[in-house]
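[1] here is a sequence with its predicted model. Questions after.
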Amino acid sequence: MESWDIIITLLIIAGFLFFLSAIIALYWAAKNGQFESIEKGARVVFDEDEPEGVEMDAFPQSKPKKQKNHS
Amino acid sequence: MDTTADTELNKSEGVTERVTLSKIDQSMKWAGIFFVASSVVWLMIGTIFALIASIKLHNPNFLASLEFFTFGRSRSAHLNAMIFGWANNAAFAVALWIMARLCKSAVRHGGLLLIAGIVWNIGVTIGVFGILTGGLTSVEWLEMPVAVTPILALAYIMIGVWSVVAFVHRQTGHVYVSQWYVLGGTFWFPWLYVIALVMILMVPARGVVQPITNWWFAHNVLGLWLTPIGLAAAYYMIPKVIGKPIYSYYLSLMGFWTLALFYNWAGIHHLIGGPIPIWLQTAGSVASVMMTIPVIVTGINHHMTAVGNASAVWRSPTLRFVVFGAISYTLTSLIGSAMALREVNEVTHFTHFTVGHAHHGVYAFFTMIMFGSIYFMMPRLLHKEWPSANLIYIHFWTTALGITGYVVALTIGGWIQGIQMNNPEIAFLDVVQNTVPWLTARTIFGVCITIGHIAFFIHFFWMLIGKTQPLNEGPTLLQRESDA
């Protein structure tokens, strides 16, 4: 039974540290300015290789409607 | 602020040249191929066990003479092959790839990642074999023989480290919401797994602490591992393919932090009415209902982004699957919150309703998003086109209709079963027999899903092995053919 007491104590300490890491992550994010300039942050999925405003994926035979109208 | 962080990073690393996406894709190539190929093989294995288990429920004589395929074994083999074989391998591939791309950081030491992946798959193989030969434990979601679990824990940590390495070496200032989700998921899963192993199997806790730990673990594998990875992929794929940023980025960040706060409490709702402290059950119900906040927030985001661009969604093989998954996420989560209310739980507990709900989450939400992500990822890793649009259509329609029918059948059948079980006038055996039509329907829809999986299996290995003409250089594959 004693070994169980030791293990549960270790787990509780580990759990506390784990919880603490989440708080530190949130604190870091706020301090680091992660919650500022939100609109800019939303655009980090795009870059020069795969830019904003370009559809990246379509079935071969289906053309975007806009292109059809233009042609 | 972002730009200063960028330049500082560049200075400290002495890096000035831009890491292109195709370079990152190239660095992930072999590990990515390995993870996806193993996940597809596990998907097929899991599907076969699913069919066997499903048929046995309305036709008990099916394969009855084979001890390897008793219901208990084939059902557990199905679950473990799907979760640890299919879902985890697919999640590793997609999550690490998205992480590397968003961090603008090529995957370092891809060979080591590959070895870790091989160790993981050896572990799962031994585990599933152990289940089939009767070495399974009696703990749901932890059925694999205890001896194999340290291998899995170690392999997981070896793989999960790559998301942290990518994050540490990131070349971008802003941490996108998908990166938060991937980091969260890769931190949470090993913690869940190790705690559950220690407290249930290695140094077993006494009495009801075991089921409490069990459901905390099992529900959180879905909520704190598969859900974050599925949402990370959705938050990446939807804006990426449409070419427009997410509807409200502010809400998406709020969704992540509220999920982190509430989800880990929710698993206890599996034990409502059980012999555990009432306050714990209430805490589980409250947390489950609080989950409506991240769910609605995420739902608004995904749907408002997709709705204005419905034609683009329909044109894209990737987004068909991903948006189907995103819609399912909203539905299944709201149903799940409702199921955690005591009045509803009195009916749905111990019925097929729960089974339908579990598949709604893991299949209609997570698996569909992984299918979509793989359709987007593989052409970029292989620099090849998917060979056949028809196989993608078959895959989409069979799985989408199959899982919808599956969930509807078990939801209705399970609800009737629950009402009848609560009625003392109806004999138990009659209740069981009344479920047979619904279970038969499940098998039929399961066959439908299986057809889709076969199409996907053939398509994937056809693409991998076959000689397809690379259409164009650059990462906009699948789109270029329409221009040609």
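    Nice, thanks for sending it over.

[2] where does chain A get nearest to chain B, residue-wise?
    residue A:42 (3.5 Å; Cβ to the nearest Cβ). C-betas here are computed from N, CA, C, even on glycine.

[3] retrieve the pLDDT associated with that residue.
    As predicted, residue A:42 sits at a pLDDT of 87.

[4] neighbours around the nearest residue to it once chain neighbours are set aside, how many?
    Among residues not flanking residue A:42 along the chain, residue B:249 sits closest, at 3.5 Å (Cβ to Cβ, 6 or more residues apart in numbering or on different chains). Residues lying near residue B:249 (other Cβ atoms under 10 Å in any protein chain shown) number 21.

[5] what's the answer for residue B:67, then?
    11.

[6] local confidence estimate at the nearest residue to it once chain neighbours are set aside?
    Distances taken as Cβ to Cβ, 6+ apart put residue B:134 closest to residue B:67, at 7.3 Å, once the chain neighbours are dropped. Per-residue confidence (pLDDT) for residue B:134: 92.

[7] so who does residue B:79 touch?
    Residues counted as contacts of residue B:79 (Cβ atoms under 8 Å, 6 or more residues apart in numbering or on different chains) are B:141, B:143.

[8] so it is in which element?
    helix B:71-80 (DSSP states H and E).

[9] buried residues in that helix, which are they?
    B:71, B:73-80 (16 or more other Cβ atoms under 10 Å in any protein chain shown).

[10] what is the nearest of these to residue B:402?
    Using Cβ to Cβ, the shortest approach to residue B:402 within the buried residues of helix B:71-80 belongs to residue B:78, at 15.6 Å.

[11] can I assume the closest one is in contact with residue B:55?
    No. Between residue B:78 and residue B:55 there is no contact under Cβ atoms under 8 Å: 12.0 Å.

[12] sec struct for the residue nearest to residue B:67, please.
    Look at residue B:134: counting by DSSP: H, G, I helix; E, B strand; the rest coil, its state is coil.

[13] what's the neighbour count on it?
    12.

[14] do you know how far it is from residue B:143?
    For residue B:134, the distance to residue B:143 equals 11 Å [Cβ to Cβ, to the nearest Å].

[15] output the longest helix belonging to chain A.
    Secondary structure assigned by DSSP state H gives helix A:2-31 as the longest helix of chain A.

[16] that one: which residues count as buried?
    For helix A:2-31, by 16+ other Cβ under 10 Å, it's A:11, A:22, A:25.

[17] what strand or helix carries the closest residue to the second one other than its chain neighbours?
    With Cβ to Cβ, 6+ apart as the measure, residue B:260 is the residue that lies nearest to residue A:22, at 6.3 Å, once sequence neighbours are left out. Of the helices and strands defined by DSSP H and E, residue B:260 is found in helix B:249-266.

[18] now do that helix: distance to the chain's middle.
    18 Å (Cα atoms, centre = their mean, to the nearest Å).

[19] pLDDT averaged over it - what is it?
    Helix B:249-266 comes out at a mean pLDDT of 90.

[20] could you give the angle of it to helix A:2-31?
    Counting by axes from the mean of the first three to the mean of the last three Cα atoms, to 10 degrees, helix B:249-266 points 170 degrees away from the direction of helix A:2-31.

[21] C-alpha coordinates for the helix or strand following helix B:249-266, CSV please?
    Downstream of helix B:249-266, the first helix or strand assigned by DSSP H and E is helix B:278-290. C-alpha atoms of helix B:278-290 as CSV (Å, rounded to 0.1, in the frame of the first residue of the first chain):
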residue,chain,number,x,y,z
ILE,B,278,-22.7,12.5,-7.2
TRP,B,279,-20.7,15.7,-7.3
LEU,B,280,-18.3,14.1,-9.7
GLN,B,281,-21.2,13.1,-12.0
THR,B,282,-22.5,16.7,-11.8
ALA,B,283,-19.1,18.1,-12.6
GLY,B,284,-19.0,15.9,-15.7
SER,B,285,-22.5,17.0,-16.8
VAL,B,286,-21.7,20.7,-16.2
ALA,B,287,-18.4,20.4,-18.2
SER,B,288,-20.2,18.6,-21.0
VAL,B,289,-22.7,21.4,-21.2
MET,B,290,-20.0,24.0,-21.0
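
[22] ok, residues contacting helix B:278-290?
    By Cβ under 8 Å, 6+ apart, helix B:278-290 touches B:212, B:258, B:262-269, B:271-274, B:336-337, B:339-342.

[23] wait, what's in contact with the residue in chain B that chain A sits nearest to?
    Proximity of chain B to chain A (Cβ to the nearest Cβ) peaks at residue B:249, 3.5 Å away. By Cβ under 8 Å, 6+ apart, residue B:249 lies in contact with A:38-39, A:41-42, B:177.

[24] repeat that for residue B:139.
    Contacts of residue B:139 (Cβ under 8 Å, 6+ apart): B:200-201, B:210, B:214.

[25] per-residue confidence at the residue lying closest to residue B:62 once chain neighbours are set aside?
    Excluding the flanking residues, the one nearest residue B:62 by Cβ to Cβ, 6+ apart is residue B:55, at 4.8 Å. The model reports residue B:55 with a pLDDT of 96.

[26] so how many other residues sit close to residue B:55?
    20.

[27] packing partners for the helix or strand harbouring it?
    Here residue B:55 sits within helix B:29-58, counting by DSSP H and E. Of the remaining helices and strands, those touching helix B:29-58 by 3 or more Cβ pairs under 8 Å, 6 or more residues apart in numbering or on different chains; DSSP states H and E are helix B:71-80, helix B:88-103, helix B:110-132, helix B:368-382, helix B:436-465.

[28] now with 10 Å?
    helix B:71-80, helix B:88-103, helix B:110-132, helix B:149-168, helix B:352-359, helix B:368-382, helix B:436-465 (3 or more Cβ pairs under 10 Å, 6 or more residues apart in numbering or on different chains; DSSP states H and E).

[29] please state the offset of the second one from the chain centre?
    In this view, helix B:88-103 has its centroid 13 Å away from the chain centroid, taken as Cα atoms, centre = their mean.

[30] ok, now which ones touch residue B:433?
    B:58, B:427 (Cβ atoms under 10 Å, 6 or more residues apart in numbering or on different chains).

[31] check the gap between it and residue B:306 for me.
    Residue B:433 is 43 Å from residue B:306, by Cβ to Cβ.

[32] over to residue B:233?
    In terms of Cβ to Cβ, residue B:233 sits 14 Å off from residue B:306.

[33] over to residue B:157?
    With Cβ to Cβ as the criterion, residue B:157 and residue B:306 are 36 Å apart.

[34] who's more crowded, the two?
    residue B:306 (20 against 15).

[35] pLDDT wise, what is that one at?
    Reported pLDDT for residue B:306: 88.

[36] cool, the one 10 residues further on as well?
    Residue-level confidence at residue B:316 comes out at 90, pLDDT.

[37] contacts for stretch A:31-39, please.
    In contact with stretch A:31-39 (Cβ under 10 Å, 6+ apart) are residues A:25-26, A:28-30, A:41, B:1-2, B:5, B:173-176, B:180, B:245, B:248-254, B:257.

[38] need the contact list for the residue nearest to residue B:37 when sequence neighbours are not counted.
    Closest residue to residue B:37 apart from its sequence neighbours, by Cβ to Cβ, 6+ apart: residue B:464 at 6.8 Å. Residue B:464 sits next to B:33, B:36-37, B:40, B:378, B:382, B:384 when contact means Cβ under 10 Å, 6+ apart.
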